[in-house]
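> task: produce atomic coordinates for the following.
(one chain, ligands or ions: 2)
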Amino acid sequence: MSMPFRQTMRIAGYLLRRKLRGQHKFPLIVELEPLFACNLACAGCGKIQHPASVLKQRMPVQQALDAIDECGAPMVSIAGGEPLMHPQIDVLVAELIRRRKYVFLCTNALLIPKKLDKFRPSPYFAWAVHIDGLAERHDASVCKDGVFDEAVAAIRECKRRGFRVTTNTTFFSTDSPQTVIDVLNYLNDDLRVDQMMISPAYAYEKAPDQEHFLGVTETRELFRKAFGDGNRKRWRLNHSPLFLDFLEGKADFGCTAWGIPSYSLKGWQRPCYLMADGYATSYRELVESTDWDSYGRGRDPRCANCMAHCGYEPSAVFATMSSLRESIRAARGT
Ligand code: SF4
Ligand code: SF4
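Ligands and ions are numbered 1, 2, ... in the order given. As a prediction, this is how the structure comes out:
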């Protein structure tokens, strides 16, 4: 992934150590979901449909730390739900940083003004703010007016206080190359966020809006056109060059969902953050008891249109590590 140099070297060292130990399946980043509740109800969300008894649960900090310690991943992406609704989110973040984990706190930003004083800037910490488009598109995506403006104000305040701020943008079939260009130009050039993550929306079975998910061909065409005119090179995208090649159809990989596993209130989700075929009690059990060969495009119909980073970014990173040429190319991006 294109990331700060020190972080890149730490991750490269981690990957090398795991390889030298002969480990074939290990986590790169954990999607940690310490709660499912959210203060928004986006139409494309597949996380907030749990019963009220589950939505009111909050994961104890020690349980989250034990899971991260057990799997050993160097990076943690805290998602949900809305993680800032967790009453001890600041304690969890501080403990992860103390363990020298790189933490991305994924948020819709609405609670940042209320919670910001509880956090301190750190090279191990970045906000990852959900922004699906410019004002009208974003507010339509999150089904509430005014959220874009609040998120932009929160980003500006985080940057003013010296925090590293990244964004996470999901694209749907209602997007065009121009809407992709518009939002990424804005985030890159006007708001000047540190880095941007992009993703085609995954067709969650439980999402209320089932009509606007992209197919593989549409995704490739969307990104190929949006990346033209030097945009891809100019934008500070938080992805490896091979993953960007994958998005625009210049490379293809198998799914390696064990590289970005998901740990939630229910346990280690099988096989990935997007699908739930049961849960394991440890990362080791997840790796050893999952039939990984039965997942991925062409293997499971639910994976048919998936080009999500949780399945394919690890594949791109591992392919990068196996090639000197690709390693040099990725290093040039940091
Ligand atoms: S902000 Fe995120 S977690 Fe909350 S409803 Fe929207 S997509 Fe789901
Ligand atoms: S292709 Fe991989 S990441 Fe995507 S839904 Fe299937 S198992 Fe999950």
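
> how about the residues of the stretch 51-200 of the chain by ligand 1?
By the rule Cβ under 6 Å from any ligand atom, the part of the stretch 51-200 of the chain lying against ligand 1 is 80, 81, 82, 108, 130, 142. (Each C-beta comes from the backbone N, C-alpha and C, glycine too.)

> so of the residues you listed, which ones are in helices?
Nothing among these maps onto helices, per DSSP state H.

> identify, from those, the entry nearest to residue 225.
Closest approach between these and residue 225, by Cβ to Cβ: residue 130, at 23.7 Å.

> contacts only, for that closest one.
The neighbours of residue 130, taking Cβ atoms under 8 Å, 6 or more residues apart in numbering as the test, are 106, 107, 108, 109, 142, 151, 167, 168, 169, 170.

> and the residue lying closest to residue 50 once chain neighbours are set aside, what does it touch?
Computed as Cβ to Cβ, 6 or more residues apart in numbering, the closest residue to residue 50 that is not its neighbour in sequence is residue 36, at 4.9 Å. By Cβ under 8 Å, 6+ apart, the contact list for residue 36 reads 47, 48, 50, 54, 55, 57, 80, 81, 264, 265.

> same question for residue 55.
Applying Cβ under 8 Å, 6+ apart to residue 55 gives the contacts 35, 36, 37, 48, 81.

> which of the residues you listed sit farthest apart?
Among the contacts of residue 55, the pair separated by the greatest distance (Cβ to Cβ) is 35 and 48, at 10.3 Å.

> please identify which of the two sits among more neighbours.
Of the pair residue 35 and residue 48, residue 35 is the one with more neighbours under other Cβ atoms under 10 Å, namely 25 against 18.

> got phi/psi on that one?
phi -170, psi 160 (degrees, to the nearest 10).

> per-residue pLDDT of the closest residue to it other than its chain neighbours, please?
Closest residue in space to residue 35, ignoring its immediate chain neighbours: residue 81 at 4.6 Å, by Cβ to Cβ, 6+ apart. Per-residue confidence at residue 81 stands at 93 (pLDDT).

> ditto for residue 205
In this model, residue 205 is scored at 65, pLDDT.

> check the gap between the closest residue to ligand 2 within the stretch 101-250 of the chain and residue 46 for me.
Closest residue of the stretch 101-250 of the chain to ligand 2, Cβ to the nearest ligand atom: residue 202 (6.3 Å). When distance is defined by Cβ to Cβ, to the nearest Å, residue 202 is 7 Å away from residue 46.

> for residue 273, same thing?
Residue 273 sits 10 Å away from residue 46, taking Cβ to Cβ as the criterion.

> looking at those two, which is more packed in?
Shown here are residue 273 and residue 46; by other Cβ under 10 Å, residue 273 has more neighbours (24 against 18).

> does that one count as helix, strand or coil?
Following DSSP: H, G, I helix; E, B strand; the rest coil, residue 273 is assigned to coil.

> hey, what's in contact with both of residue 202 and residue 46?
Looking at what touches both residue 202 and residue 46 (by Cβ under 8 Å, 6+ apart), the common residues are residue 274.

> and the pLDDT for the closest residue to ligand 2 within the chain?
Using Cβ to the nearest ligand atom, the closest approach of the chain to ligand 2 is made by residue 311 at 2.5 Å. Residue 311 carries a pLDDT score of 93 in this model.
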